[in-house]
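Kindly return the folded structure for what I paste below:
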Amino acid sequence: CIAVGSDHSYCRFGRRTPWIVSGSVLAAICMAILSACDFLPWAVFFWLATQAAYAMAAIPFAAAFGERVPDKFRDRADSWHGKGLALGQLVGVAVAVALTPHAGGEGWDGTTGFAMLVFAGWLVVAAVVTLLILPFEGASSYLPRRDVEKGDFFSQYRPQNAPKFSVAFAARMFAVAATAGIAVYQWYLAPNIVGNTDEAGLFGIAGAGSVVVVMAICTFVGALIAALLLGRIVSLFGDLRIPAVASAVLFMVAALLPLLMDDGFLAVALYALLAGFAYVVFDGASQSLDLAMLPDVRSVGRSLAAYSLANTFGTILGVAACAAVIVATGATVLIFAVATVSMLLAGLLTLRLKSQQ
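Predicted coordinates:
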């Protein structure tokens, strides 16, 4: 609905800018209200509202990024966009852990509320910086108006002329599932896997917070190294399946470390480092493979729009599978077994793909 609404916005401020501004402000307001919620139903409601408002800003921004960045700068802009995303996630985790009580106790308190307020302000600043950096958007009021049709909402998610699309979609979904569950449940790794983390402090942060920060730093380092070497790695192989499957195997090895090593803190740090590297290589190689296997260049945009839904379904699958395993066995460490199996399936499905020559 947001994508269609943005495409059909006609005003003197353009099609994307009003959505980016209003979405950011609305997300900040919802998050500020969320910071004061100590009643679970209201907390859930405003968290969902925050996600919807964030989508109001993120989806038009993605469209504006593609529309306003010249083709000759696209590769470099995409590269820096990825680096900024990785760095932003690292900084966000570090700030959240530093401002959130994690040594003990339950529920919200003043410190947690302050952390939410910090991120609310962060959203507004991010929107302002985005509008200042991107080339100015012209008015859209002069554009020819077209009525919204029913097919506008779903036709973009129906790939055309892509016989292997379902295989690529499933591979992507399982790859995302391999990381999603661990990302969601990593806060519980400290007491259940690492053990007593009070001795494993980091920059004054102890307990579970130190585990989360260490994993975030290691993931960022691994992902950054992979991003710098990705072009060279992919260019070494004529068959893109080789680096994709090799990185999937490396990810599985990383996911097995917490199951095999006695030093839990070192195990999760090594997992984060190796998995961060492996996932970026797998993602880059598999996306290039998926693009290469599309026989009709005119269907690339529509196919990739449908392909992106694998991120959502993969997240749901990974979190649900890990939750089921934890509830059934009570062993949090088995989320790494779920990640291993998920990436194994992603690698096997990737082997079935072959670019159209």
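
quick one, helices of the stretch 151-300 of the chain?
Counting by DSSP state H, counting those that start in this stretch, the stretch 151-300 of the chain has helices at residues 165-185, 189, 208-235, 241-260, 264-292, 300-307.

Point out the most buried one among the ones you listed.
Highest mean neighbour count among those (mean count of other CB atoms under 10 Å): helix 189, with a mean of 25. Every C-beta, even on glycine, is put in place using the N, C-alpha and C of the backbone.

how about low-confidence regions in the stretch 101-250 of the chain?
Within the stretch 101-250 of the chain, the segments meeting pLDDT under 70 span 101-115, 131, 133-163, 191-207.

Am I right that Ala120 is in a strand?
No: residue state for Ala120 (DSSP: H, G, I helix; E, B strand; the rest coil) corresponds to helix; a strand is not indicated.

That one - how many residues pack around it?
21 (other CB atoms under 10 Å).

Contact partners for it?
Ala120 makes contact with Ala27, Ala28, Ile29, Met31, Ala32, Ser35, according to CB atoms under 8 Å, 6 or more residues apart in numbering.

Cross those against strands and list the overlap.
Using DSSP state E, no member of the contacts of Ala120 sits in strands.

Reformat the residues you listed as a markdown table; add distance to Gln186, neighbour count and pLDDT.
Formatted as a markdown table, the contacts of Ala120 follow (distance: CB to CB, whole Å; neighbours: other CB atoms under 10 Å; pLDDT from 0 to 100):
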| residue | distance to Gln186 | neighbour count | pLDDT |
| --- | --- | --- | --- |
| Ala27 | 24 | 26 | 88 |
| Ala28 | 26 | 24 | 87 |
| Ile29 | 29 | 17 | 89 |
| Met31 | 22 | 23 | 85 |
| Ala32 | 26 | 18 | 85 |
| Ser35 | 23 | 20 | 80 |
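
The residues you listed in helices, which ones?
Among these, the members found in helices (DSSP state H) are Ala27, Ala28, Ile29, Met31, Ala32.

Would you mind confirming that the last one makes contact with Met116?
I take that to be Ala32. Yes: counting by CB atoms under 8 Å, Ala32 touches Met116, with 7.2 Å between them.

ok, the ones in helices among the contacts of Ala120 vs Ala3, which is closest?
Nearest to Ala3 among the ones in helices among the contacts of Ala120 is Ala27, at 17.1 Å by CB to CB.

Quick check: the closest one touching Ala58?
No: contact status for Ala27 versus Ala58: not in contact, 9.4 Å apart, counting by CB under 8 Å.
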